[in-house]
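>>> Build me a model from this:
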Amino acid sequence: MTILKPGTHYWCACGKSKNGAFCDGSHKGTDKEPFAFEVTEEKDYSICGCGKTKNPPYCDGSHDEK
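Reported below is the predicted structural model:
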């Protein structure tokens, strides 16, 4: 779980970020772009860290699929 404040956040879609599930610009030079998403309420969010979610940027349990 990650506490996020209201505003625009950028989920890493390339898997190269050194900032966990959030974009740090490491996608430069790839064909991937970060996924922008809006948060309207400060609270804990389950953000996908494996990149397999079908509901980006939120974890949907896809990391458990075999």
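>>> So, low pLDDT: which residues of the protein?
Within the chain, the stretches with pLDDT under 70 are 66.
>>> give the contact list for the most centrally placed residue in it.
What sits nearest the mean C-alpha location of the chain, by Cα atoms, centre = their mean, is residue 11, with 3.0 Å. By Cβ atoms under 8 Å, 6 or more residues apart in numbering, the residues touching residue 11 are 21, 22, 23, 34, 35, 36, 37, 47, 48, 56, 57. Yep, even glycine has a C-beta here, placed from its N, CA and C like the rest.
>>> Against residue 29, how distant is the closest residue to it other than its chain neighbours?
The shortest distance from residue 11 to any non-neighbouring residue, by Cβ to Cβ, 6 or more residues apart in numbering, is to residue 57 (3.4 Å). Relative to residue 29, residue 57 is positioned 22 Å away (Cβ to Cβ, to the nearest Å).
>>> more crowded one of the two?
Taking other Cβ atoms under 10 Å, residue 57 and residue 29 do not tie; residue 57 has more neighbours (24 against 8).
>>> which ones are touching that one?
Neighbours of residue 57 in contact, by Cβ under 8 Å, 6+ apart: 9, 11, 21, 35, 37, 47, 48.
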